[in-house]
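A.B. asks: Give me a model of this one.
(chains A and B)
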Amino acid sequence: MKFKPKIVPLGDSAVLVQLGSEIDILTNQRIHALAALVNKSSLEGLIETVPAYVTLLVHYDPLNLSFVQVKDYLREKMAQIYDNESRKPNRVEIPVRYGGEYGVDLESVARHCQLQMEDVIRIHSQKTYTVFMMGFTPGFPYMGKLDEAIVTPRRETPRTRVPAGTVAIAGSQTGIYPIDSPGGWQLIGWTSLQLFNLESETPFLFSPGDEVKFMVEK
Amino acid sequence: MSLEVIDVSGLATIQDRGRKGWRQFGVPSSGPMDVFAFHAANILAGNPRECAVVEIGLGDVTFQTMQDCVIAVTGMGYKLSVYIWDFSLWSSFFVRAGWKFTFNKTDNGMWAYLAVSGGFQTQPMLGSRSTYLHGHFGGLEGRQLQAGDVIRTGTLSHLSYELAARTFPEEKRPAYTQNPTIDVIMGPQTNYFTDESVETSLSSEYSVSLTSDRMGYRLEGPALIYRNKTELISEGMTFGTIQVPPSGQPIVMMADCPTTGGYPKIGVVASADVPLLAQCVPNKSRIRFRETTVAKAQEKYRDLIQGLNKIVESD
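C.D. replies: From the prediction side, this is the model:
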């Protein structure tokens, strides 16, 4: 069934564009293609965009623009998505130490999936993932989709502190905790790369839409 | 030029207009809870209207000036004691070097704003001086102000005494009241709720829970029930968005709210009425919601901001 795109207001200062009703890579790529088009624009009053799995939220200033103006503008940009879809996403490689003190849930994930820990590592690190969206804490990438074989629900009780750099999975998604924070995902590894650095010219390692590959570090 | 923090029993943070362009990375905009009072403080102090100010809530805060300066105070829920005198908010004052002044909490609101001529000059982070408490950055070392802090202020070529002793006219302020009726634009997931719940949300009284903070105001009142057990895929949200978790008790997203959320959104508070909601007192204010349209909400917001412009023109 084909999904009919929707453009609806979220209050008086944002517009929500919805391009699908299920999490899949193609829909999400179209969201990022649209975000790239809107972010390039010079329309006065457009503030910023927030891409998510199947939606793009466009924040605007109601002192400059009306809902109808933003809606018309977005319709025009949506017609250009297909030309913009072929753009090459950034590719980021992440060295990961799996298991042990770095990934305390690797064993229970393997048990849940009825696999050996080595299999979980191999399966998690062989696929290239898409950063569907960022949120939760500054710089947290929601990535997917995981191979069905290692899909594991989140923990029943979240941990109060997950260290920065921890690689985790939940459902069909994988992510990395950018800063020490509470967290309910299954912790399977750790990377020494910094995902969020305020001192840097480019404070975030990832951008929404990036492609990510995990590299096993012994 | 600088200002010293002498004593803090409340929550005092540096805030400017907030961060722009970083929400796609998961960074909230932050900024003032009451954007109108924030702009008004800067205008009274003779600053560009987006300068950094101190936002004060929850308890008393005392400052001491290190040199002669003009300050402006706005907002609700406080009175100002300067030296031996008490003053109400929405005014500017000339303050002598060494004088102490205190924001004393009253029970008719939540947030007050202190602007100083020249603005507060902390280190901007991601393009803004706003404090983001959960991220531990922005403002002064990413934290709330504490006794002993010295905040640098902008240097003025000359102190403009005419800025002092001005009052922001009451009729140009938002219609602050203890029990406001708040305009809401329904959607985008109003259809996730039963018809009775939509009706209930627009006909019942809600209060603000004590567990509310700069991230969100938790409302207490009749529960709003989902029609089905449909899951929402996480998506972006704004300051003012009313999310409803499975408990049925709505949460209004405020200045430090996450950039995305996964609970159905029954509606969004109109921008012009966000200051009224922000100033509601937990366990005391009784809030009602009224449906409006995007076009009407935008017109109301433009009128409100237009009022600020007129103050500037009359200078």
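A.B. asks: Locate A:Ile123 within the secondary structure: which element?
C.D. replies: helix A:117-126 (DSSP states H and E).
A.B. asks: Could you give the separation of the helix or strand following that helix from the chain centroid?
C.D. replies: As assigned by DSSP H and E, the chain's next helix or strand after helix A:117-126 is strand A:128-134. Here the centre of strand A:128-134 is set off from its chain's centre by 4 Å, with CA atoms, centre = their mean, to the nearest Å.
A.B. asks: Show the pLDDT at residue 134.
C.D. replies: Assuming you mean chain A. With respect to pLDDT, A:Met134 scores 97.
A.B. asks: right idea, wrong chain: chain B
C.D. replies: In this model, B:His134 is scored at 90, pLDDT.
A.B. asks: ok, it - contacts?
C.D. replies: A:Thr137, B:Met215, B:Asp256 (CB atoms under 8 Å, 6 or more residues apart in numbering or on different chains). For glycine as for every other residue, the C-beta is placed from the backbone atoms N, C-alpha and C.
A.B. asks: go with 10 Å
C.D. replies: A:Thr137, A:Pro138, A:Ile179, A:Ser181, B:Pro28, B:Ser30, B:Gly142, B:Asp213, B:Arg214, B:Met215, B:Asp256, B:Pro258 (CB atoms under 10 Å, 6 or more residues apart in numbering or on different chains).
A.B. asks: looking at these, which has the most residues close by?
C.D. replies: The residue in the contacts of B:His134 with the most neighbours, by other CB atoms under 10 Å in any protein chain shown, is B:Ser30 (30 neighbours).
A.B. asks: Report how many residues lie close to the closest residue in space to that one that isn't next to it in sequence.
C.D. replies: In space, B:Ser30 comes closest to B:Ser130 once its chain neighbours are excluded; the distance is 3.9 Å by CB to CB, 6 or more residues apart in numbering or on different chains. Per other CB under 10 Å, the neighbour tally for B:Ser130 reads 28.
A.B. asks: next one: A:His59
C.D. replies: A:His59 has 22 neighbouring residues, counting by other CB under 10 Å.
A.B. asks: Could you check the pLDDT of it?
C.D. replies: 98.
A.B. asks: Could you pull out the buried residues of the helix or strand containing B:Gln306?
C.D. replies: Taking DSSP H and E as the definition, B:Gln306 sits inside helix B:294-313. Using 16 or more other CB atoms under 10 Å in any protein chain shown as the test for burial, helix B:294-313 gives B:Val294, B:Ala297, B:Gln298, B:Glu299, B:Lys300, B:Tyr301, B:Leu304, B:Ile305, B:Gly307, B:Leu308, B:Ile311.
A.B. asks: After the helix or strand bottoming out on mean pLDDT in chain A, which helix or strand is next?
C.D. replies: Within chain A, judged by mean pLDDT, DSSP states H and E, the helix or strand with the poorest mean is helix A:81-84; its value is a mean of 74. Sequence-wise, the next helix or strand downstream of helix A:81-84 (DSSP H and E) is strand A:91-98.
A.B. asks: Do you have the helices of the stretch 1-150 of chain B handy? List them.
C.D. replies: Using DSSP state H, counting those that start in this stretch, the helices of the stretch 1-150 of chain B run over B:35-44.
A.B. asks: Could you pull up the residues touching B:Ile266?
C.D. replies: B:184, B:186-193, B:197-198, B:201-202, B:224, B:241-244, B:250, B:289.
A.B. asks: does B:Phe93 have beta-bridge partners, and which?
C.D. replies: On the basis of DSSP bridges, B:Phe93 is bridged to B:Ile71.
A.B. asks: Check the spacing between it and chain A real quick.
C.D. replies: 30 Å (CB to the nearest CB, to the nearest Å).
A.B. asks: Near that residue, how many other residues are there?
C.D. replies: 21.
A.B. asks: looking at it, it is touching B:Tyr161, isn't it?
C.D. replies: No - the criterion here is CB atoms under 10 Å, and B:Phe93 misses it with B:Tyr161 at 11.1 Å.
A.B. asks: pLDDT on the helix holding A:Ile123, on average?
C.D. replies: 97.
A.B. asks: same thing with stretch B:194-201?
C.D. replies: The pLDDT scores in stretch B:194-201 average 97.
A.B. asks: cool, and stretch B:109-129?
C.D. replies: 96.
A.B. asks: Please identify the nearest residue in space to the residue of the stretch 51-200 of chain B found nearest chain A, excluding sequence neighbours.
C.D. replies: Of the residues in the stretch 51-200 of chain B, the one nearest chain A is B:Pro188, at a distance of 4.7 Å by CB to the nearest CB. Nearest residue to B:Pro188, sequence neighbours excluded (CB to CB, 6+ apart): A:Val8, at 4.7 Å.
A.B. asks: Any idea how many residues pack against the one you found?
C.D. replies: Other residues lying near A:Val8 total 15 when counted by other CB under 10 Å.
A.B. asks: quick one: contacts for it?
C.D. replies: Counting by CB under 10 Å, 6+ apart, A:Val8 makes contact with A:Ala14, A:Val15, A:Leu16, A:Val17, A:Gln18, A:Thr55, A:Phe67, A:Lys71, B:Gly187, B:Pro188, B:Gln189.
A.B. asks: Need the contacts of B:His134 in JSON lines (columns: distance to A:Val120).
C.D. replies: JSON lines is the format used below for the contacts of B:His134 (distance: CB to CB, whole Å):
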{"residue": "A:Thr137", "distance to A:Val120": "25"}
{"residue": "A:Pro138", "distance to A:Val120": "28"}
{"residue": "A:Ile179", "distance to A:Val120": "25"}
{"residue": "A:Ser181", "distance to A:Val120": "24"}
{"residue": "B:Pro28", "distance to A:Val120": "34"}
{"residue": "B:Ser30", "distance to A:Val120": "39"}
{"residue": "B:Gly142", "distance to A:Val120": "37"}
{"residue": "B:Asp213", "distance to A:Val120": "39"}
{"residue": "B:Arg214", "distance to A:Val120": "40"}
{"residue": "B:Met215", "distance to A:Val120": "35"}
{"residue": "B:Asp256", "distance to A:Val120": "37"}
{"residue": "B:Pro258", "distance to A:Val120": "30"}
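A.B. asks: Mind telling me the two of those farthest from one another?
C.D. replies: A:Ile179 and B:Asp213 (19.1 Å; CB to CB).
A.B. asks: So what's the residue count around B:Ala147?
C.D. replies: 12.
A.B. asks: For the spatially closest residue to it that is not a sequence neighbour, give its distance to B:Cys69.
C.D. replies: Leaving aside its chain neighbours, B:Ala147 sits nearest to B:Asp7 (5.4 Å; criterion: CB to CB, 6+ apart). Counting by CB to CB, to the nearest Å, the gap from B:Asp7 to B:Cys69 is 19 Å.
A.B. asks: Looking only at neighbour counts, state which of these two leads.
C.D. replies: Set B:Asp7 next to B:Cys69 and count neighbours by other CB under 10 Å: B:Cys69 wins out with 24 against 15.
A.B. asks: Please name the residues that touch the more buried one.
C.D. replies: B:1-3, B:45, B:93-97, B:99, B:116-118, B:153, B:156, B:159, B:163-164.
A.B. asks: same thing with A:Ile94?
C.D. replies: Going by CB under 10 Å, 6+ apart, the list of residues near A:Ile94 reads A:125, A:129, A:141, A:165, A:167, A:176, A:189, A:191-193, A:195, A:205-206, A:212-215, A:217.
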